[in-house]
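1. Turn this into a structure:
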Amino acid sequence: MLTAALVLLLSPVPATTVPNPSRDALTQIVFTVRDKASALAQLAGVEADANATLARVPGDGDALLTRAMAIGYRAKLSKSRHDALECRAQFEALVARNPRDPEAQAALGGWHIDAVEALGGLTARAVLGARKTVGYEATDRAVALGGDRALFTGLAALLRLSVDPADARGAALADAATRGTTPTLLDRMMQRRAVEMVAALKGGDRRLVQALAKRLLPLGQIRE
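-> I've put the predicted structure just below:
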């Protein structure tokens, strides 16, 4: 249960650093693959690669994050409570390890908000312990820690608008994302999504706004 992570598909470092094949694979899976079975199979490969890295380098932060993301996306597709709770535990450990990491904060916040959007507030809290307020607080911290990067403002906007298309904070974040910095490919992708959201918001059709926000989030292209 998470959307957490679009945010985490690329590192917060400049795009000139050495690329991460596992993160690149995740980007392709969550934004382009339209078949659920294919997505699940590819996520399994990403998780296996992350586990192999951790076997060689225990505690590798990037591999820990990548593994947690793969588990979370699998939970979202398979609706596995076990995987969803395991994913949350791993994100919480990453936040505890470095509370000032905007990716970890965004991932944890996205987990909570995505669960609420998928199950409804009461059910998400009862079944998974997910809370919208916790999600909003974490994504707001990610925005603050991430500076003006379009990735964090854009993700926070989509998450909020997927739950409440009338969310004023979500609309403001979408607008900010259209003017944010774009040091990575994922930032540029999120900025383009923010531009789409702003146009929809100007149209005033709340049902369209909410549907678009859900579609623009990771795995939103896969139909149930």
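2. Dihedrals phi and psi, the residue of the chain positioned farthest from its centre?
-> For the chain, the residue at maximal distance from the C-alpha centroid (Cα atoms, centre = their mean) is Arg56, at 26.9 Å. Dihedral angles of Arg56 (phi, psi; degrees, to the nearest 10) stand at phi -80, psi -40.
3. where does it land on pLDDT?
-> As predicted, Arg56 sits at a pLDDT of 96.
4. Please apply the same query to the one 10 residues further on.
-> Each residue has a pLDDT score; the one for Thr66 is 90.
5. quick one, what contacts the closest residue to it other than its chain neighbours?
-> Distance criterion Cβ to Cβ, 6 or more residues apart in numbering; nearest residue to Thr66, sequence neighbours excluded, is Ala50 at 4.4 Å. Where you see a C-beta, it was placed from the backbone N, CA and C, and this is true even at glycine. By Cβ atoms under 8 Å, 6 or more residues apart in numbering, Ala50 lies in contact with 22, 63-64, 66-67, 70.
6. Any chance of these in JSON lines with distance to Leu43, secondary structure and neighbour count as columns?
-> Formatted as JSON lines, the contacts of Ala50 follow (distance: Cβ to Cβ, whole Å; DSSP: H, G, I helix; E, B strand; the rest coil; neighbours: other Cβ atoms under 10 Å):
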{"residue": "Ser22", "distance to Leu43": "11", "secondary structure": "helix", "neighbour count": "24"}
{"residue": "Ala63", "distance to Leu43": "15", "secondary structure": "helix", "neighbour count": "21"}
{"residue": "Leu64", "distance to Leu43": "16", "secondary structure": "helix", "neighbour count": "20"}
{"residue": "Thr66", "distance to Leu43": "11", "secondary structure": "helix", "neighbour count": "26"}
{"residue": "Arg67", "distance to Leu43": "11", "secondary structure": "helix", "neighbour count": "22"}
{"residue": "Ala70", "distance to Leu43": "5", "secondary structure": "helix", "neighbour count": "27"}
